[in-house]
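>>> I'd like to go over a predicted model; first the sequence, then the structure.
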Amino acid sequence: MKACIMCGGEGTRLRPLTFERPKPSIPILNKPSVVHLIERLADEGFTDIVITLGYMAEKIEEQLGDGRIYGVHIDYVYEEKKLGTAGGVKNAEKYLKGEPFLVLGGDHVLNLNLRELYRFHERTDAKVTIALLSIDDPREFGIADMDVNNRIHRFLEKPGPGEIFSNLASTGIYMCDSDVLDMIPENKEYDFARDLFPKILKNGKINGLLARGNWTDVGSPAAYRQAQRWMLAELPGTLIEGRFTTKDARINGPLHLGHNVSVGSNSAIVGPIVIGENTTIGDNVLIGPYTTIGSNCTIDDDTRILSSYIFNDVTIGKNTNVSGSIIDNRTKVGDNCSLENGTVIGPDVMIGSGATVHSNVRIWPKQAIKEGVKVKEDITNCP
């Protein structure tokens, strides 16, 4: 079975996390998000995959290679200019012709039954089948008006007030007949929801399938935190890779610990938690559930880390509180600091001792925050 993964976007809403990586390469459970997606596709039987690339394309190709390590075959198609969602798929036409194919975004995190979507589409005469989820607030998505026979009669992208005729939101996951490619113009920016679906609805048929399970596109820090939480909640148990040292720490799983992790005296680790290799955790440290810590990190004594996502080579000082935060590579946080819920700290940031970063503040890369400062607004200027 064939699948096309769209990885061309710049991920501007996720900055500062997308300055040194494309959005599909942001780590979830300490490995690139797109790797989880490839593994999911392989498990569902989609082994012939083409990836459309744009921003920082080489990083994705470097991480995935030809796909054989995941039991799939991957081809790559590059976009020299913005082609939109449908235009990007058209650009990969030579790899998709001849049979139905799945389309999804490279920033998707999901546990939906994709094979069920494929089989449902095969049984119908629709040109496209859209995976739909009922959600509380569909304003940032396309919404569909679907009848009891799964036929979609209306589709509206990002409805405004008074236009929300349904809470069935498109996941951006589509099963398409290959002749749909003939309806998409070449070398032109063209979108599935805005351009192609209205065209099909005039003369053809689009179906919907009510999907079950978890799905999000990692398009914002809040969605990223939600995706991490889902994946952590599914940890099957405790796995320790290689050497693990501790004195009298209290460890409660589920956990996934990399090689050469050490935890100091009287510290408490409460899973689900993932910690990368060569990471050192000091004495009297509390690490709460739904946290990931990358490789080569140092967490000093008396610090609390709760529901936070820390990348690689990060240092956090003594008696510091990190709650619901995201911290990118090589950042150093001093002693007696407080990072409040929703903060996003870019790579190579220096936060002086005694500083406080207020809720939902973002700090761009390579910033230096002075000791004792209270950061109340985003810092987005270049240093």
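Yep, that arrived. Numbering: from 1, shown residues only.
>>> can you pull the contacts of the spatially most central residue of the chain?
The residue lying closest to the centre of the chain (C-alpha atoms, centre = their mean) is V218, at 3.8 Å. Residues near V218 by C-beta atoms under 8 Å, 6 or more residues apart in numbering: 14, 23, 26, 28, 33, 107-109, 224, 227. Using the backbone N, CA and C atoms, a C-beta is placed for each residue, glycine as well.
>>> of all those residues, which two lie farthest apart?
Largest separation among those by C-beta to C-beta: L14 and H108, giving 14.0 Å.
>>> Please report the distance of the residue nearest to the centre of the chain from A169.
Per C-beta to C-beta, to the nearest Å, V218 is found 16 Å from A169.
>>> Show me what counts as buried in stretch 262-274.
263-264, 267, 269-274 (16 or more other C-beta atoms under 10 Å).
>>> I'd like to know which of those residues are part of strands.
Those of the buried residues of stretch 262-274 mapping onto strands are 263, 269-270, 273-274, per DSSP state E.
>>> before we move on, the earlier item: need phi/psi at the residue nearest to the centre of the chain.
Dihedral pair for V218: phi -80, psi 70, per degrees, to the nearest 10.
>>> now the one 5 residues further on
Here the main-chain torsion angles of A223 (degrees, to the nearest 10) amount to phi -70, psi -40.
>>> That one and R229 touch, don't they?
No: using C-beta atoms under 8 Å, A223 makes no contact with R229, being 10.6 Å away.
>>> just to revisit the earlier point, can you put the contacts of V218 in CSV and add distance to L286 and secondary structure?
As requested, these are exported to CSV (distance: C-beta to C-beta, whole Å; DSSP: H, G, I helix; E, B strand; the rest coil):
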residue, distance to L286, secondary structure
L14, 28, helix
K23, 31, helix
I26, 26, coil
I28, 23, strand
S33, 28, helix
D107, 32, coil
H108, 33, strand
V109, 27, strand
Y224, 23, helix
A227, 24, helix
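>>> quick one: buried residues of stretch 338-349?
In stretch 338-349, counting by 16+ other C-beta under 10 Å, buried: 338-340, 342-349.
>>> Could you do stretch 310-321 as well?
So stretch 310-321, judged by 16+ other C-beta under 10 Å, has buried residues 310-318, 320-321.
>>> gap between V373 and P272?
34 Å.
>>> that's a helix at D283, yeah?
No: going by DSSP: H, G, I helix; E, B strand; the rest coil, the assignment for D283 is coil, not a helix.
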